[in-house]
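K.L.:
Quick one, what's the 3D model for this:
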Amino acid sequence: MSVIIAGERSGVGKTTVTLTLLASLRRSDRLVQSFKVGPDYIDPMFHQHVTGLPCRNLDPVLTSEAYVQQCFARHSQLSEYALVEGVMGLFDGIGHGAWDTCTERRRSMGHGQEKQKSTNFASTAHIARLLDLAVVLVIDCSRLSGSVAAIAHGYRSFDPRIKIAGVVLNRVGSDRHLSLLKDSLEPLQLPILGVLRRQDNITIPDRHLGLVPTAELPELNALINRLADLGDTCFDWQRLLPLLKSEPLPSTDAINRVSPYSPSPSFPVRIAVARDRAFNFYYQDNLDLLQQLGAELVFWSPLEDAAIPKDVQGMYFGGGFPEVFAQQLAENTSVRDGVKTAILQGMPAIAECGGLMYLCEQIIDFEGKSWSMTGVLPTSAVMGGRLTLGYRRAVALQDNLLVKANTTVYGHEFHRSHLTLPPTQPLFETSRYDCDENMGCEGWGLPANIHASYIHLHWGESEEIPQQFLKECLKVAPS
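P.N.:
Now for the predicted structure:
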């Protein structure tokens, strides 16, 4: 069966409830695979820290409905239990008139899929319907009592295709408060699967792009232990465990896809993947694809290491928080110089968002201080208060490291920086995903061996992207 943890709106405590469930399951030595709806990177870090397994993103905008189904089936059947954390409120998606995300791309690849309009596309409800998951609805009860029944009834009746298995009452203030909530819900005969009291000692700090990542929280294990203690007592496990149980699925070609392309095993491609506190936004599926296609991933730290890894033929800089660690990055001059030299000598490099910022001449932080970066790109990244956020449809304006001209890709932007100078020959013309609003041109493809962009890409439905990257890396002698 498996369940999806949904909220009646953002901020009701979905992540806390999810981590509490995961922590309690793992304390009992139960193997559990987690998933996250949407493009988020940080929540999956917390999932993985608890479960020990990479969390998988389920995002039909960045991939497709079919890929979401394949991904869930492939990974959930490998664990005893499976749990999906939703996004925003249960029915909050892209809204009316959104197109199936990979329509144009799949059509260009010969799949022949037609455009389809969808309501609440990419919402938690959409994923619940797509995967036939039971919904556990988290309700923030901190400012209501009797009204909880109206909320629960509305969510249960709004879409009859959604199966509400029960509710979790979060931020309950007292025994009297709980009694009022239970009395109100009783006529609905909707199971109360959990009750979480207001907690003063369970807080995950956040900053300008959401939660502070796991690598920066030295007290995280103590927090997870407190969540496990809470989870042992606050849930109705007799009802929940059967819902969480994964159901083994028959092996199919759709689930166990094998890529048609693989570099020669006698000449593996070594890719230096920057992964530390400054660079840690990666979709696990992207890393898996590189390995399945024959790459050897060499993880390293532009913060801590004295040089780039030896004998590599390509580099991958994910997103993250280089602005938070700008001084330390700037002071590591040997690495900055090594990255610049390697790229200028022709080594292929992917740089997404935070990686793009690292390739700039400078990062100017929130306090206006300037910190030297690699200087590959003749522009600087300036931090500011304005948040750029949303899905993007991007059409390649030229052949580049990853895609051919006129190829359409779908990605996600999430940053509070801007560049002082735009690229003279941008990679993409972009627009909002859910309408034709033009968002301008962006992305750097000069020198020709780089792909530097604010847009995060998930390659699950675009294996041609990592294939193309590795083909270019094969042309480079290891150094």
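
K.L.:
what residues are up against the closest residue to residue 171 other than its chain neighbours?
P.N.:
Once flanking residues are discounted, residue 171 sits nearest to residue 142: 4.0 Å by C-beta to C-beta, 6 or more residues apart in numbering. Just so you know, the C-beta spots here come from the backbone N, C-alpha and C atoms, and that holds for glycine as well. Contact partners of residue 142, counting by C-beta atoms under 8 Å, 6 or more residues apart in numbering, are 170, 171, 173, 198.

K.L.:
bridging residues for the first one?
P.N.:
Put plainly, it is residue 170. On the basis of DSSP bridges, residue 170 is bridged to residue 140, residue 196.

K.L.:
How many residues are close by it?
P.N.:
24 (other C-beta atoms under 10 Å).

K.L.:
Convert stretch 421-434 to PDB, retaining C-alpha atoms only.
P.N.:
Provided in PDB are the C-alpha atoms of stretch 421-434 (Å, rounded to 0.1, in the frame of the first residue of the first chain):
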ATOM      1  CA  LEU A 421      26.600  40.600 -16.400                       C
ATOM      2  CA  PRO A 422      24.400  38.300 -18.500                       C
ATOM      3  CA  PRO A 423      26.000  35.700 -20.900                       C
ATOM      4  CA  THR A 424      26.700  37.000 -24.400                       C
ATOM      5  CA  GLN A 425      25.600  33.700 -25.900                       C
ATOM      6  CA  PRO A 426      23.100  32.200 -23.500                       C
ATOM      7  CA  LEU A 427      22.300  28.500 -23.300                       C
ATOM      8  CA  PHE A 428      18.500  28.800 -23.000                       C
ATOM      9  CA  GLU A 429      15.500  30.900 -23.700                       C
ATOM     10  CA  THR A 430      13.300  30.200 -20.700                       C
ATOM     11  CA  SER A 431       9.600  30.600 -19.800                       C
ATOM     12  CA  ARG A 432       7.400  29.600 -16.900                       C
ATOM     13  CA  TYR A 433       6.400  26.000 -17.000                       C
ATOM     14  CA  ASP A 434       2.700  26.600 -16.500                       C
END
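
K.L.:
can you pull the buried residues of that stretch?
P.N.:
423, 426, 427, 428, 429, 430, 431, 433, 434 (16 or more other C-beta atoms under 10 Å).

K.L.:
Give the bridge partners for the nearest residue to the second one once chain neighbours are set aside, please.
P.N.:
Distances taken as C-beta to C-beta, 6+ apart place residue 441 nearest to residue 426, at 3.9 Å, with adjacent residues excluded. Taking DSSP bridges, one obtains residue 429 as the residues bridged to residue 441.

K.L.:
Quick one: residues contacting residue 441.
P.N.:
Residue 441 makes contact with 397, 422, 423, 426, 428, 429, 430, according to C-beta under 8 Å, 6+ apart.

K.L.:
Where does the prediction get shaky in the stretch 351-479 of the chain?
P.N.:
Applying pLDDT under 70 to the stretch 351-479 of the chain flags the ranges 479.

K.L.:
all helices of it, in order?
P.N.:
Along the stretch 351-479 of the chain, the stretches classed as helices by DSSP state H, counting those that start in this stretch are 354-359, 464-474.

K.L.:
do you know which of those helices lies nearest residue 41?
P.N.:
Shortest separation from residue 41 across the helices of the stretch 351-479 of the chain is recorded for helix 354-359, at 10.4 Å, computed as C-beta to C-beta.

K.L.:
The closest one: how far from the chain's middle?
P.N.:
18 Å (C-alpha atoms, centre = their mean, to the nearest Å).

K.L.:
list the helices and strands it packs on?
P.N.:
If you count contacts as 3 or more C-beta pairs under 8 Å, 6 or more residues apart in numbering; DSSP states H and E, helix 354-359 packs onto strand 279-281, strand 314-317, strand 319-320, helix 333-344, strand 349-352, strand 450-453.

K.L.:
Among those, which comes closest to residue 244?
P.N.:
strand 279-281 (27.9 Å).

K.L.:
what's in contact with that closest one?
P.N.:
41, 45, 213, 215, 302, 317-320, 322, 352-355, 358, 456.

K.L.:
Quick check: what element follows that strand along the chain?
P.N.:
Remark: after strand 279-281, the chain's next helix or strand is helix 284-292, criterion DSSP states H and E.

K.L.:
quick check: angle from that next one to helix 464-474?
P.N.:
50 degrees (axes from the mean of the first three to the mean of the last three C-alpha atoms, to 10 degrees).

K.L.:
Which parts of the stretch 101-250 of the chain are helices?
P.N.:
Taking DSSP H, counting those that start in this stretch as the criterion, the stretch 101-250 of the chain carries its helices at 103-108, 124-131, 148-158, 175-185, 220-234, 237-244.

K.L.:
want to throw those helices into CSV with mean neighbour count and distance to residue 271?
P.N.:
Below are the helices of the stretch 101-250 of the chain laid out as CSV (neighbours: other C-beta atoms under 10 Å; distance: least, C-beta to C-beta, whole Å):
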stretch, mean neighbour count, distance to residue 271
helix 103-108, 17, 24
helix 124-131, 23, 31
helix 148-158, 17, 45
helix 175-185, 16, 52
helix 220-234, 17, 29
helix 237-244, 16, 36
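
K.L.:
between the ones you listed, which gets the lowest average pLDDT?
P.N.:
If you rank the helices of the stretch 101-250 of the chain by mean pLDDT, helix 103-108 sits at the bottom with a mean of 43.

K.L.:
Between the helices and strands packed on helix 354-359, which one is closest to residue 7.
P.N.:
Between the helices and strands packed on helix 354-359, strand 279-281 lies closest to residue 7; by C-beta to C-beta that is 23.0 Å.

K.L.:
Paired strands for the closest one, with orientation please.
P.N.:
For strand 279-281, pairing defined by DSSP bridges yields strand 319-320 (antiparallel).

K.L.:
and the strand it pairs with, average pLDDT?
P.N.:
Strand 319-320 carries an average pLDDT of 96.

K.L.:
Which residue of the chain lies farthest from its centroid?
P.N.:
Going by C-alpha atoms, centre = their mean, the residue of the chain most distant from its centre is residue 176, 39.4 Å out.

K.L.:
so who does it touch?
P.N.:
Residues near residue 176 by C-beta under 8 Å, 6+ apart: none.

K.L.:
From residue 145, how far off is it?
P.N.:
Distance, residue 176 to residue 145, using C-beta to C-beta, to the nearest Å: 9 Å.

K.L.:
repeat for residue 174
P.N.:
Counting by C-beta to C-beta - residue 174 and residue 145 are separated by 11 Å.

K.L.:
Switch the buried residues of stretch 421-434 over to JSON lines, and while doing so, append distance to residue 63 to every line.
P.N.:
JSON lines is the format used below for the buried residues of stretch 421-434 (distance: C-beta to C-beta, whole Å):
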{"residue": "423", "distance to residue 63": "27"}
{"residue": "426", "distance to residue 63": "25"}
{"residue": "427", "distance to residue 63": "21"}
{"residue": "428", "distance to residue 63": "18"}
{"residue": "429", "distance to residue 63": "22"}
{"residue": "430", "distance to residue 63": "18"}
{"residue": "431", "distance to residue 63": "19"}
{"residue": "433", "distance to residue 63": "13"}
{"residue": "434", "distance to residue 63": "16"}
